[in-house]
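Participant: Need a 3D model of the following:
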Amino acid sequence: MAAGNFVPYEQGILDIANQTVDFVGGTVKAMLLTAAYTPSASADQHLDDIVANECADGDYARQTVGSKTIALASNKVRFDCADIDFGNAVTITAKYLVLFLDTGTPSTSTLLWYVDLNTGGGSASSTGADFDIAINASGIYEVTP
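Facilitator: Have a look, this model is predicted:
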């Protein structure tokens, strides 16, 4: 699978910068979306903007993101987290992974980043197998101050 780079949702990055979203201390979740979703980093701001395109596979459930950090690395501010495991013997088909701050209310749960799971076209899938997302060694996203 040729996963692309994480793309920030504009409002999410602004909210992190303004400290209205706590990436490290808040509950960040990962969700999977189908190919029906058309990403918009500027228009999509909250969970209720995209939830209609969430995967409906029987084995699928949103996952809480662990080991979140913000650190200085190579003169860049790096956002990072642990790899994300959606299960070991699951059947899932997804095109996008989205990270969001979960407030418990879709209209206030801020979208943070998305990534295309198969830049070669089509969707990523598993049939009775692992569906894990390996986070790049450089983290989710880097900002040069």
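Participant: gap between stretch 63-77 and the chain center?
Facilitator: 14 Å (CA atoms, centre = their mean, to the nearest Å).
Participant: Run through who's touching that stretch.
Facilitator: Residues from elsewhere that reach stretch 63-77, judged by CB atoms under 8 Å, 6 or more residues apart in numbering: 23-24, 27-30, 78-82, 84-86, 99, 138-139, 142-145. Glycine gets a C-beta too; all of them are placed from N, C-alpha and C.
Participant: which of those residues are buried?
Facilitator: If you count burial by 16 or more other CB atoms under 10 Å, the buried members of the contacts of stretch 63-77 come out as 23, 28-30, 78-81, 84, 86, 99, 139, 142.
Participant: closest to residue 58 among the residues you listed?
Facilitator: residue 86 (12.5 Å; CB to CB).
Participant: residues near residue 4, how many?
Facilitator: When counting by other CB atoms under 10 Å, one arrives at 13 neighbours for residue 4.
Participant: residues contacting it?
Facilitator: For residue 4, counting by CB under 8 Å, 6+ apart, the contacting residues are 115-117, 119.
Participant: returning to that earlier point: looking at the buried ones among the contacts of stretch 63-77, which two lie furthest apart in space?
Facilitator: The distance between the two most remote of the buried ones among the contacts of stretch 63-77 (CB to CB) is 24.8 Å, for 86 and 142.
Participant: Make a markdown table out of the buried ones among the contacts of stretch 63-77 and add secondary structure, pLDDT and distance to residue 55.
Facilitator: A markdown table is the format used below for the buried ones among the contacts of stretch 63-77 (DSSP: H, G, I helix; E, B strand; the rest coil; pLDDT from 0 to 100; distance: CB to CB, whole Å):
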| residue | secondary structure | pLDDT | distance to residue 55 |
| --- | --- | --- | --- |
| 23 | coil | 97 | 24 |
| 28 | strand | 98 | 18 |
| 29 | strand | 98 | 13 |
| 30 | strand | 98 | 11 |
| 78 | strand | 96 | 28 |
| 79 | strand | 96 | 24 |
| 80 | strand | 96 | 24 |
| 81 | coil | 96 | 20 |
| 84 | strand | 95 | 14 |
| 86 | coil | 95 | 9 |
| 99 | strand | 98 | 15 |
| 139 | coil | 93 | 25 |
| 142 | strand | 94 | 28 |
